[in-house]
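Student: just coords:
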């Protein structure tokens, strides 16, 4: 692969565009409730909004910081800017980018990974936009089908279905790294059932354990030459 | 005109649709830039096309799941606002929780019967404000953070490959393990510690989905059906979800 300054130029442009777009999206999303309020002839109750923010917002800020620190290395620059403005990280964007990276055999931190990750997140976001736009257009005929009691369990299980498939792919290739985190997490959730309400926070110790194991095996591999 | 009818006014569709269109255009621009940069770097276009096809097929089913979130919220917040939130910045698990907490501050419950226009505007503002940390951090720190990550040797420079790549895989394994562990815990202790009366459906779905994935991987690797790789996740998920519908 040609490694030249054009890639550096591309990265610089990505940062410039990503920062600009992130700022613009922030303004739009924070401005939208005021604009909608103006159309409807009302204003948001700022006192109640501040209380609402204090009651749940702080938790989500901590969660957002953790997500940023953990997922940015997986996604690269372009993928991160896009993923953080398009949302649905755990249930779609991260697994999607990891799947694409696996299929393209791109290694973390390489220009290839940056390109593949950006393509993957962009396509994934566009698919969501199209599916939701079609869904909204066809809401009346679709509503009884999508909300039928027969299909309800299927749509409640999108995330388990996704993680089952991903687990098969990743556990098979990294069995030594997978066994202990899975066993430890299962034991924790069995012994402290209330933890299920904060599963997303448990990703941190689980990930740290898996990284520690991976590092140990990697170091051992380096020593054995 | 009822509150819900007002929340579905065409002007609201225009505002929300305009923002969605802007973000979709950003995705297209980023995709085209990445494609061109890949070509300049000498990447095989077929490999990039494969990424696009695999990511598109991968995203369809989760997107339908997200659409259900729009349907669920549209009963209390109208359709345009949940459409905007879940098309772009939002997340399925986040929106309902924050909307509910904001509604509490307005002394109402999230539902069409108690919703007022002022409550809606307030709830919408809280939903926007609470999830801002991701884009703010991305805008402020990403250039420095990604540079630092590269400086720490994420690039696999040595013959055996750097640790950065394995760290990413390990982090993902940690994430999957946390979720599967929660399904196991939910089944074993969800209705009392070691009662084995909790919901077994998510665990059954994980097993079905993983089993289908194993078969597809076998076909791809042993029977030379590599074209299956692009669809293996989507097909496995579909089978897992079908199992949920049958068993649930």
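Tutor: On my side now, so go ahead. Keep in mind that this is a model prediction, so the values were computed, not measured.
Student: and residue B:61, which of the three is it?
Tutor: helix (DSSP: H, G, I helix; E, B strand; the rest coil).
Student: Verify the contact between it and residue B:235 for me.
Tutor: No - using CB atoms under 8 Å as the test, residue B:61 is too far from residue B:235 to be in contact (9.9 Å). The C-beta positions use only the backbone N, C-alpha and C, and glycine is treated the same way.
Student: In terms of neighbours, single out the busier of the two.
Tutor: More crowded of residue B:61 and residue B:235, by other CB atoms under 10 Å in any protein chain shown: residue B:61, with 23 against 19.
Student: Which pLDDT does the model give the more buried one?
Tutor: At residue B:61, the pLDDT value in this model is 90.
Student: Any regions of chain A where pLDDT drops low?
Tutor: Flagging of chain A using pLDDT under 70 yields the residue ranges A:1-4, A:225.
Student: what's around residue B:218, how many residues?
Tutor: Neighbour tally, residue B:218, other CB under 10 Å: 12.
Student: now it: how far from chain A?
Tutor: 10 Å (CB to the nearest CB, to the nearest Å).
Student: which of the residues in whichever helix in chain A runs longest are buried?
Tutor: In chain A, taking DSSP state H as the definition, the longest helix is helix A:5-40. Burial within helix A:5-40, assessed by neighbour count using 16 or more other CB atoms under 10 Å in any protein chain shown, is assigned to A:7, A:10-11, A:14-15, A:17-19, A:21-22, A:24-26, A:28-29, A:32-33, A:36-37, A:39-40.
Student: The chain: helices as residue ranges?
Tutor: Going with chain A. Assigned by DSSP H, chain A shows helices spanning A:5-40, A:46-52, A:58-86, A:94-104, A:111-137, A:139-146, A:152-156, A:158-173, A:175-191, A:199-224.
Student: actually chain B
Tutor: Counting by DSSP H, chain B has helices at residues B:3-7, B:10-40, B:45-77, B:80-87, B:92-105, B:117-130, B:133-151, B:163-189, B:201-222, B:232-247.
Student: Of these, which is nearest residue A:93?
Tutor: Checking the helices of chain B against residue A:93 by CB to CB gives helix B:45-77 as the closest, at 8.8 Å.
Student: where's the closest one relative to the chain centroid, distance-wise?
Tutor: Averaging C-alpha positions (CA atoms, centre = their mean, to the nearest Å) puts helix B:45-77 8 Å from its chain's average.
Student: try stretch B:201-210
Tutor: On the basis of CA atoms, centre = their mean, stretch B:201-210 sits 19 Å off its chain's mean C-alpha point.
Student: Could you pull up the residues touching residue 54?
Tutor: Because you didn't say which chain, this covers chain A. If a contact means CB atoms under 8 Å, 6 or more residues apart in numbering or on different chains, then residue A:54 has no contacts.
Student: Let me rephrase: I mean chain B.
Tutor: Listed by CB under 8 Å, 6+ apart, the contact set of residue B:54 reads A:99, A:100, A:103, A:120, B:229, B:230, B:231, B:233.
Student: Count the neighbours of residue 223 for me.
Tutor: I'll assume chain A. Residue A:223: 7 neighbours (other CB under 10 Å).
Student: nope, chain B
Tutor: Neighbour count of residue B:223, defined by other CB under 10 Å: 9.
Student: And for residue B:112?
Tutor: Quick note: residue B:112 (other CB under 10 Å) scores 14 neighbours.
Student: circling back: among the helices of chain B, pick out the one with the most neighbours on average.
Tutor: Compared across the helices of chain B, helix B:80-87 shows the largest average neighbour count, a mean of 28 (mean count of other CB atoms under 10 Å in any protein chain shown).
Student: doesn't residue B:235 make contact with residue B:220?
Tutor: No - counting by CB under 8 Å, residue B:235 is not a contact partner of residue B:220; they are 11.5 Å apart.
Student: which neighbours do these two share?
Tutor: By CB under 8 Å, 6+ apart, the residues touching both residue B:220 and residue B:235 are residue B:228.
Student: Domains in chain B, by residue range?
Tutor: B:3-139, B:162-247 (automatic domain parsing).
Student: want to throw those into TSV with distance to residue A:182?
Tutor: Putting the domains of chain B into TSV (distance: least, CB to CB, whole Å) gives the following:
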stretch	distance to residue A:182
domain B:3-139	22
domain B:162-247	4
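Student: Just tell me which of those domains ends up closest to residue A:183.
Tutor: With CB to CB as the criterion, residue A:183 lies closest to domain B:162-247 of the domains of chain B, at 8.4 Å.
Student: what about the closest one, average pLDDT?
Tutor: According to the model, domain B:162-247 has a mean pLDDT of 91.
Student: For it, what is the distance to the chain centroid?
Tutor: Computed by CA atoms, centre = their mean, the chain-centroid distance of domain B:162-247 equals 16 Å.
Student: tell me the pLDDT at residue B:107?
Tutor: Predicted confidence (pLDDT) for residue B:107: 85.
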